[in-house]
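> Give me the fold of what follows.
(2 chains)
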Amino acid sequence: MKKYSVILIIIFFFANALHAQEFGKDISAAKASYTSGNLADAHFSLEQAIQELDMIVGKQVLDILPKDFNGLAADEKNDQVAANVGFVGATVHRQYGDKGSEVEIISNSPMIATLNSLLNMPVFGGMMRDANTKVVKVNGYKARLEKNGDNTDGTTNYTLQIPLKSALISVTAKGMDENKVLSFANSIPIEQISKLIE
Amino acid sequence: MKHFIFVLFLGCLFCIPVSTNAQFLKKLKEKANNALEQAVDKKVEDKTGVSTSESSSSNSSGNSSSRPSNTKGAGLKNTEPPDVVASIADAGKSFDSKNYSDARYAVQQALVGIELQLGRQLLRSLPQTVNGLKADTSQDKVMSTQWGWNNLTIQRIYNDGKDKQMTLTIGNNLLYSGLVNAYFNNAYAVQTNDKEQNAKQVKVQGNKALITFDADKGYSLIVPVGQSSMVVWEDVNFATEDEVMAAANQFSIDDIKKLLGEK
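Residues are numbered from 1 along each chain as shown, chains lettered A, B, ... in the order given. Presented below is the predicted three-dimensional model:
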């Protein structure tokens, strides 16, 4: 286990160093293109630079996400960070165990900003209370908890959504009760994540 | 989760026109009410010889709970676009000190600066007169958002000083241009009913385009260019489809593509 952790730390270190190098190259290229009057190329290089930044920040977010989800170990080998410029934003994904429990964070997306405003409107099925949905507080942040049906073994599935300006944290929990989902959610360092991604 | 986001997104798309219509109806209702009030006030003035504006102004000032209407303020100052070189330098410094949030902000500022310059460059390259319609440069617009290339909008209006007008909008929006491209891939969407055809596919300088006609709004011609940009002409009081096409052909789509860095 220790060996595995060391390997992961080394991979993380080199990946970050690589992104840092790329960022430097991108902003140098942007400056060169801009001074030579090639605005379209300068624009492209800056977009690349933003993507590199999102990759670095995404990896930092993964680093502070909980390693355990009520006994389910984080599948760190399959951690994913995807960076986009535009509507989709950057996505950070971590899964726990092998039954589909996961945490997904979408940041810097105007589409998410619109969705978040809808999430706050009961008329669109947002922050409301019905048989399957309720509004809860996670680390002081308002969140929407939705029950997604029962499994054949009697356990339940939940989705928890925590809107943060132009970002959205989603937790999918398979085969857990509400208390366990909330207990896990409260272990997510939302304040720190919010500072990193905004 | 993905299903939920998709449903919300669709809801959002459908709701925008509804809210726009509602706003339009509200404004129309306000205007009708104002006109009615003015007509009634005039009648009262004629009969009584007392100015209703004086009495109404004294009433409004006496009512302390009503919100005062704004009569002062010089508006916002027109600031220069962000300095691109300085923003790039700031990004580098913030990155070196591992302040990634500030680095991202500085890169976004540089992007906005470049987009605004690019928009102005594009406006300068457009013709001053198109088929007798003169460019009204006082209404030129360049808008950029912080979201990178998406939502850069460049607009110019041409008119004859009377009722004929052409609005040219060049925009970069992956989402909407994707929807237009989806339209081109759906053969059923452009079928005619044999009586009147209000939408059809055409070509503008070799590019696939979509032309529509609406009795209230006039002609619209949409040309998706490159991977994510669009050129849209909205022509009011144009006589025929041919006139719309002739006006559109006064613009070089290749030049627009080149300036936007599109292939």
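> ok, A:H43 to B:F95 distance?
Separation of A:H43 from B:F95 (Cβ to Cβ, to the nearest Å): 19 Å. From N, CA and C alone the C-beta is placed, and that goes for glycine too.
> Can you list phi and psi of B:V142 for me?
The phi/psi pair for B:V142 (degrees, to the nearest 10) reads phi -130, psi 120.
> my read: it touches B:R124, true?
No: between B:V142 and B:R124 there is no contact under Cβ atoms under 8 Å: 11.1 Å.
> which sections of the stretch 151-263 of chain B are below the confidence cut-off?
Low-confidence regions of the stretch 151-263 of chain B, defined by pLDDT under 70, span residues B:151, B:173-197.
> so what's the closest residue to chain A within it up against?
Among the residues of the stretch 151-263 of chain B, B:G261 lies closest to chain A, at 2.5 Å counting by Cβ to the nearest Cβ. By Cβ atoms under 8 Å, 6 or more residues apart in numbering or on different chains, the contact set of B:G261 is A:L39, A:A40, A:D41, A:H43, A:F44.
> Go again with 10 Å.
The contact partners of B:G261, taken as Cβ atoms under 10 Å, 6 or more residues apart in numbering or on different chains, are A:38-44, B:118, B:149, B:172, B:226-227, B:229.
> Which members of these are positioned in strands?
Counting by DSSP state E, the contacts of B:G261 place B:N172, B:S229 in strands.
> Buried ones only from the contacts of B:G261, please, as a ChimeraX command.
Under the burial definition 16 or more other Cβ atoms under 10 Å in any protein chain shown, those of those that qualify are selected in ChimeraX by:
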select /A:39,40,41,42,43,44 /B:118,149,172,226,229
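> Which single one of the contacts of B:G261 is nearest to B:D254?
Distances from the contacts of B:G261 to B:D254 were compared by Cβ to Cβ; the smallest belongs to B:G226, at 10.7 Å.
> what about B:V84, distance to B:M143?
For B:V84, the distance to B:M143 under the criterion Cβ to Cβ works out to 17 Å.
> So these two - more neighbours on which side?
A direct count of neighbours by other Cβ atoms under 10 Å in any protein chain shown for B:V84 and B:M143 places B:V84 higher, at 24 against 13.
> State the helix or strand in which the residue nearest to that one when sequence neighbours are not counted lies.
In this structure, B:V84 finds its nearest non-sequential neighbour in B:G113, 4.2 Å apart by Cβ to Cβ, 6 or more residues apart in numbering or on different chains. Secondary structure assigned from DSSP states H and E places B:G113 in helix B:100-125.
> What are the buried residues along that helix?
In helix B:100-125, the ones that count as buried by 16+ other Cβ under 10 Å are B:100, B:103-119, B:122-123.
> and if you look at stretch A:69-78?
Residues of stretch A:69-78 classed as buried by neighbour count (16+ other Cβ under 10 Å): A:F69, A:N70, A:L72, A:A74, A:E76.
> immediately after the lowest-mean-pLDDT helix or strand in chain A, which helix or strand?
Scoring the helices and strands of chain A by mean pLDDT, DSSP states H and E places helix A:110-119 at the bottom, with a mean of 69. Beyond helix A:110-119 in the direction of the C-terminus, DSSP H and E gives the next helix or strand as strand A:133-138.
> Could you give the separation of the helix or strand harbouring A:K195 from the chain centroid?
Under the criterion DSSP H and E, the helix or strand holding A:K195 is helix A:190-197. Counting by Cα atoms, centre = their mean, to the nearest Å, helix A:190-197 is centred 10 Å from the centre of its parent chain.
> helices and strands around the helix or strand following the helix holding B:G113, which ones?
Taking DSSP H and E as the definition, the helix or strand that follows helix B:100-125 towards the C-terminus is strand B:129-130. Helices and strands touching strand B:129-130, as assessed by 3 or more Cβ pairs under 10 Å, 6 or more residues apart in numbering or on different chains; DSSP states H and E, comprise strand B:152-159, helix B:241-248.
> what sits up against the helix or strand following strand B:129-130?
Scanning forward in sequence from strand B:129-130, with DSSP H and E defining helices and strands, the next element found is strand B:133-135. The contact list for strand B:133-135, computed with Cβ under 10 Å, 6+ apart, reads B:123, B:126-129, B:156-161, B:164-166, B:168, B:235, B:238, B:247, B:250.
> Tell me which strands strand B:133-135 pairs with, and in which orientation.
For strand B:133-135, sheet partners with direction are given as strand B:129-130 (antiparallel), strand B:152-159 (antiparallel), following DSSP bridges.
> residues contacting the residue of chain A found nearest chain B?
Chain B sits closest to A:A40 of chain A, with a gap of 2.5 Å, by Cβ to the nearest Cβ. Taking Cβ under 10 Å, 6+ apart as the criterion, A:A40 is in contact with A:S33, B:I114, B:L118, B:W149, B:K257, B:K258, B:L259, B:L260, B:G261, B:E262.
> quick check: angle from whichever strand or helix holds B:K208 to helix B:241-248?
Counting by DSSP H and E, the secondary-structure element that holds B:K208 is strand B:207-214. Using axes from the mean of the first three to the mean of the last three Cα atoms, to 10 degrees, the inter-axis angle of strand B:207-214 relative to helix B:241-248 is 130 degrees.
> Tell me the spacing between A:S101 and A:K59.
When Cβ to Cβ is the yardstick, A:S101 and A:K59 sit 21 Å from each other.
> same thing with A:K134?
Counting by Cβ to Cβ, the gap from A:K134 to A:K59 is 33 Å.
> same question, B:R67
B:R67 sits 50 Å away from A:K59, taking Cβ to Cβ as the criterion.
> okay, these two: which has more neighbours?
A:K59 (17 against 5).
> a helix runs through A:K25, doesn't it?
Yes: A:K25: assigned to a helix according to DSSP: H, G, I helix; E, B strand; the rest coil.
> show me the contacts for it.
Going by Cβ under 10 Å, 6+ apart, A:K25 touches A:S45, A:Q48, A:A49, A:E52.
> Could you report the neighbour count for the first one?
As a burial measure, the neighbour count of A:S45 was computed by other Cβ under 10 Å and equals 23.
> so it sits right up against A:S33, yeah?
Yes: using Cβ atoms under 10 Å, A:S45 and A:S33 qualify as a contacting pair, with a distance of 6.1 Å.
> Now do the shared contacts for these two.
B:I114.
> Tell me the helices and strands packed up against the helix holding A:K195.
helix A:39-64, strand A:90-96, strand A:101-107, strand A:141-150, strand A:156-164, strand A:167-173, helix B:100-125.
> So for the last one, mean pLDDT?
Averaging pLDDT along helix B:100-125 yields 90.
> Would you mind listing where chain A has pLDDT under the threshold?
Low-confidence regions of chain A, defined here as pLDDT under 70, cover residues A:1-20, A:85-89, A:110-111, A:113-115, A:118-129.
> again with the stretch 1-150 of chain B
Going by pLDDT under 70, which is the cut-off in play, the stretch 1-150 of chain B has low-confidence ranges at B:1-65, B:145-150.
> May I have the residues that are in contact with the residue of chain A most remote from its centre?
Taking Cα atoms, centre = their mean, the residue of chain A most remote from its mean C-alpha position is A:S36, at 37.8 Å. Contacts for A:S36 were tallied using Cβ under 10 Å, 6+ apart; they are A:A42.
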